[in-house]
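1. no sequence for this one, just the structure:
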């Protein structure tokens, strides 16, 4: 089903209960994204890694590559184990200048369940970065999350997050995930 | 006559560039001064050099084109109807418009959007609207000859699917340009298998473009900065390794053979702050090395003067193209590739291992940060010198120890000759 079609169907939920269910799910995904942004902003990377399922796929990919069907990503993890390794390496071993980050997530759309117990959603994101030696906060990356969520022990987890960024050039380096 | 008159001015309004002493110290102005940069564009990027512009795999069919650069200068690389590859400046001869705006695509001809001047795929001017005017009035002078007004065409040379361009007609043949030792390493990576492009990275880097060459002619840093390399035995002081340069000093290949980290000598570990005893990955196959090359080295980083890096980091393969943008900044375009013969599992492996490199790579982001720090240091505490004294017994050239800066000195020996400095 096209995303627009899914939106129409979600909007056309007939009963009040169905509409309430959709609203609760929307709110749940919204809260998930807020917690996700907070984990990254506070650089609690192991908490960030916990937000994925064991079989998760996480990629940060340029729109240029994505539009051309090219698979290369700035970060490319095809299991939660790789996401943990990324979190561990950034926290413990990787050298980069100190910085403040703000992940702003908005324009959430929840498209409902896909029949395999997965919830499809999309949101826009902006990553704003402040380096300690530069005065201004700079828009470091802007893009969209293309997500699949699944419930694990009743709680939402990401089984897929494709971060497709519009920014053509990365300003020097992407030191922390989006 | 001189207003200050105290004779202690250090701010010079016109500067004479004199290299201080020998090659073991490099003055900051090499990296920071605009006139030096402008001469580099003229004498190096537009000089007798072969500049990487594209992979043939990116323009497989007639009409395919891709935007690229030679130094800072935008060019278009296209495959003409007869299969030839042409490289032309992306600048209309009429009013200078940068006519090609798409990153890549397929066309029959190039049409400047401003006044629709039309060029064939080799850059010949084939159409000027209203060339004869309307109703006998206006138009170009009768003497205007299309054949004399094509796009600026560059000399082209392709080797093993990698395309280079030169502004000069007298640049030596590509194989001679690389020299036998660097050519051998180039051909070890481009071993004849058909390339398959897997995607691009693009980033800016707030540093002088030469720092990127130097970083890859500096094996010393790799043993100290990059925990990933060190801990997993990819490049450790004491590993079998080589820092090769060609005879001219302009090209280099940093090569090393993977070894077992547990065999690293205790004294070497002690010197390497980055060494993390007992660190393990939850997904160790990410660091697997599938032997696929006819080479004793598991890693080679080739710096091909002046704008190309060929990365063969175990099984993650990539081209890095340097696009300078003034003395204080350059852009990098990475083209990551595999081979058409790769199965899905091998492609996956390359993509996973790609986490090492690029502007978010475990190693790549550290390099970008370190080079930024160097430029920051020079800009904020200016007009000093750097030390490149390691392994001074080898004045300039190939070194068989990682604790050496002889390859950086070799590059500057060449650079000074080209720059007349």
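-> That came in fine, so what should we check first? What you see is a predicted model; the values in this text were computed from it and never measured.

2. from now on I want contacts and neighbour counts done on CA atoms only, so please keep to that.
-> OK.

3. and the contacts of stretch A:54-69?
-> Here stretch A:54-69 makes contact (CA atoms under 8 Å, 6 or more residues apart in numbering or on different chains) with A:71-81, A:83, A:158-168, A:178, B:199-201.

4. from those residues, which land in helices?
-> A:80-81, A:83 (DSSP state H).

5. adding distance to chain B and pLDDT, write the residues you listed out as a markdown table.
-> What follows is the ones in helices among the contacts of stretch A:54-69, written out as a markdown table (distance: CA to the nearest CA, whole Å; pLDDT from 0 to 100):
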| residue | distance to chain B | pLDDT |
| --- | --- | --- |
| A:80 | 9 | 98 |
| A:81 | 5 | 97 |
| A:83 | 9 | 98 |
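
6. which among those residues gets closest to residue A:150?
-> residue A:80 (13.9 Å; CA to CA).

7. tell me how far the closest one lies from residue B:32.
-> 44 Å (CA to CA, to the nearest Å).

8. chain A contacts on the stretch 51-200 of chain B?
-> B:197-200 (CA under 8 Å from any CA of the partner chain).

9. between those residues, which is nearest residue B:17?
-> Looking across those and measuring by CA to CA, the closest to residue B:17 is residue B:200, at 38.4 Å.

10. identify the bridge partners of the nearest residue to that closest one once chain neighbours are set aside.
-> Leaving aside its chain neighbours, residue B:200 sits nearest to residue B:335 (4.6 Å; criterion: CA to CA, 6 or more residues apart in numbering or on different chains). Residue B:335 has these beta-bridge partners by DSSP bridges: residue B:200, residue B:319.

11. which residues touch residue B:335?
-> Here residue B:335 is in contact with B:197-201, B:318-320 (criterion: CA under 8 Å, 6+ apart).

12. poorly predicted segments of the stretch 151-300 of chain B, please.
-> Low-confidence segments of the stretch 151-300 of chain B (pLDDT under 70): B:231-238, B:260-279.

13. which residues in it form strands?
-> Using DSSP state E, counting those that start in this stretch, the strands assigned to the stretch 151-300 of chain B run over residues B:153-159, B:162-166, B:195-205, B:241-245, B:252-256, B:299-304.

14. so can I have TSV of the contacts of residue B:335 showing neighbour count?
-> Output for the contacts of residue B:335, formatted as TSV (neighbours: other CA atoms under 10 Å in any protein chain shown):
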residue	neighbour count
B:197	19
B:198	21
B:199	23
B:200	23
B:201	25
B:318	26
B:319	22
B:320	22
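
15. nearest to residue B:345, of the residues you listed?
-> For the contacts of residue B:335, the nearest to residue B:345 is residue B:198 (13.8 Å; CA to CA).

16. buried residues in the longest helix that chain A contains?
-> Looking across chain A with DSSP H, the single longest helix is helix A:16-41. Going by neighbour count (16 or more other CA atoms under 10 Å in any protein chain shown), the buried part of helix A:16-41 is A:22, A:25-26, A:29-30, A:32-33, A:36-41.

17. ranges for the strands of chain A?
-> For chain A, strands defined by DSSP state E occupy the ranges A:52-62, A:75-77, A:99-113, A:118-131, A:138-152, A:155-165, A:170-171.

18. mind checking these for the one nearest to residue B:341?
-> Between the strands of chain A, strand A:75-77 lies closest to residue B:341; by CA to CA that is 21.9 Å.

19. give the partner strands of that closest one in its sheet and their orientations.
-> Strand A:75-77 has these strand partners (DSSP bridges): strand A:52-62 (antiparallel).

20. okay, the angle between the partner strand and strand A:138-152?
-> 150 degrees (axes from the mean of the first three to the mean of the last three CA atoms, to 10 degrees).

21. mind listing what's buried in strand A:52-62?
-> Applying 16+ other CA under 10 Å to strand A:52-62 flags A:52-54, A:56-62 as buried.

22. what residues of stretch B:111-119 count as buried?
-> Neighbour-count burial for stretch B:111-119 [16+ other CA under 10 Å]: B:111-112, B:117-119.

23. if we can go back for a sec, deepest in the core, which of the strands of chain A is it.
-> Looking across the strands of chain A with neighbours counted as mean count of other CA atoms under 10 Å in any protein chain shown, the highest average goes to strand A:75-77: a mean of 26.

24. contacts for it, please.
-> A:56-61, A:83, A:177, B:351-352, B:354-355, B:360-361.

25. for the spatially closest residue to residue B:376 that is not a sequence neighbour, give me its contacts.
-> The shortest distance from residue B:376 to any non-neighbouring residue, by CA to CA, 6+ apart, is to residue B:207 (8.0 Å). For residue B:207, the contact set (CA under 8 Å, 6+ apart) comprises B:327-330, B:371-372, B:374-376.

26. hang on, the earlier thing: out of the strands of chain A, nearest to residue B:393?
-> Short answer: strand A:170-171, nearest of these by CA to CA, at 39.1 Å.

27. paired strands for that closest one, with orientation please.
-> Under the rule (DSSP bridges), strand A:170-171 has strand B:195-205 (parallel) as partners.

28. now stretch B:400-415: mean pLDDT?
-> Mean pLDDT, stretch B:400-415: 94.

29. and that stretch, how far from the chain's centre?
-> From the chain centre to the centre of stretch B:400-415 is a distance of 17 Å (CA atoms, centre = their mean, to the nearest Å).

30. residue contacts, the residue of chain B most remote from its centre?
-> Distance from the centre of chain B peaks at residue B:135, with 52.9 Å (CA atoms, centre = their mean). Listed by CA under 8 Å, 6+ apart, residue B:135 has no contact partners.

31. show the model's pLDDT score for it.
-> pLDDT at residue B:135 comes out at 93.

32. any idea how far it is from chain A?
-> 47 Å (CA to the nearest CA, to the nearest Å).

33. excluding chain neighbours, what is closest to residue B:102?
-> residue B:67 (7.3 Å).

34. quote the end-to-end distance of stretch B:98-116.
-> 12 Å.

35. my guess is residue B:157 contacts residue B:169, does it?
-> No - contact criterion CA atoms under 8 Å: residue B:157 and residue B:169 do not qualify, at 11.3 Å.

36. tell me which of these two has more neighbours.
-> For residue B:157 versus residue B:169, neighbours defined as other CA atoms under 10 Å in any protein chain shown are more numerous around residue B:157 (18 against 11).
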